[in-house]
Structure formats: C-alpha cells, structure tokens
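> next comes the sequence, and after it the predicted model I'd like to discuss.
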Amino acid sequence: MMLRQRRLSGLVALLVFAAVLAGPSALSDDRLKRTVLRQADLTGVDGIEVIVTLIEAEPGAGIALHTHHGDEFLYVLEGGMIQPKGKEPVPMKAGQSLHFPRGMVHGGFTVVGDKTLKVLTTHVVDKGKPLAVPAD
C-alpha cells in the first residue's frame, strides 16, 4: 500500500510540476510568477531551443492541463502542497526532480497550504512554437 501511495504521489508530482513549468498559456492567474533566466538555441541541433525558468506559485495559484513541444525537466527549490482536481493534496518536496517527455499531458492542479512553491524548469523545445499547449 505504501509503495502504491509513493508511486501515485510521484505521478501527481510530475503532473503538477509540468504544469508549473508550462508557461503563460497554462497559468490560470496572477499568483504565478514566471521568470525566464536563460533562453538559447541548442548547439548542434537546428530548430531546438533551451529555456530555463524560475516559477514561483503562491497558494491559490492554479495550473491548467497542458503539453509541450519538447521535454521539460523540473527541480523543486522550495516545496509546498499541490492539489490535483478532485484529488487529495500532495506534498512537493525540495530536491525533487521530474521529467515530462514531449506531448505528455500534465498540470490540472492548485497550490494549497501556506507556502509558495518554487521550481526551476528547463525546457528543450521546438523553437518558434508556443511553450505550452492547452490540453483537455
């Protein structure tokens, strides 16, 4: 039972962090601050860019379901709690890292509790396409 809960928590965490990293189209309100720290072409690969972003999600911030035109990597700098729609809250712990492959739907949660969730994201995505694409 405990292993199942860990796996479920890990999956939820992945979905949540991916949403945080998604970008403006996935952000549902102004309680999310997204700061691009670095953006550059991927050396030796035409049409691919890397975007490094700091995301700060205050309690009450919501992230819509979305996908990306590439991979997203996330690292939790300061933990907090998230609550996927219709599910119990899940802790996001500092030091946790996640990977969302191209096209994987993630997000669909709200930051709950009293702590701002801070994550560092790295997107390796198709240049010139929207960073995030809304998903149903």
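Yes, it's here. Numbers count the residues shown, from 1 in each chain.

> contact partners for the nearest residue to I48 once chain neighbours are set aside?
In space, I48 comes closest to L42 once its chain neighbours are excluded; the distance is 4.2 Å by CB to CB, 6 or more residues apart in numbering. All C-beta atoms are positioned from the backbone trio N, CA, C, and that covers glycine. Contacts for L42 (CB atoms under 8 Å, 6 or more residues apart in numbering) come out as 48-50, 124.

> for L42, grab phi and psi.
Backbone torsions of L42, given as degrees, to the nearest 10, read phi -80, psi 120.

> please apply the same query to G107.
phi 100, psi -150.

> isn't it right up against E72?
No - in this structure, G107 is not within contact of E72 by CB atoms under 8 Å, at 10.8 Å.

> where in this structure is pLDDT low?
Across the chain, the ranges flagged by pLDDT under 70 are 1-29.

> one more time with 80
By pLDDT under 80, the low-scoring segments of the chain are 1-29, 136.

> now the strands for it?
Ranges of strands within the chain are 32-41, 48-57, 62-63, 66-67, 70-78, 80-84, 90-92, 97-100, 109-112, 117-126, 133-134, based on DSSP state E.
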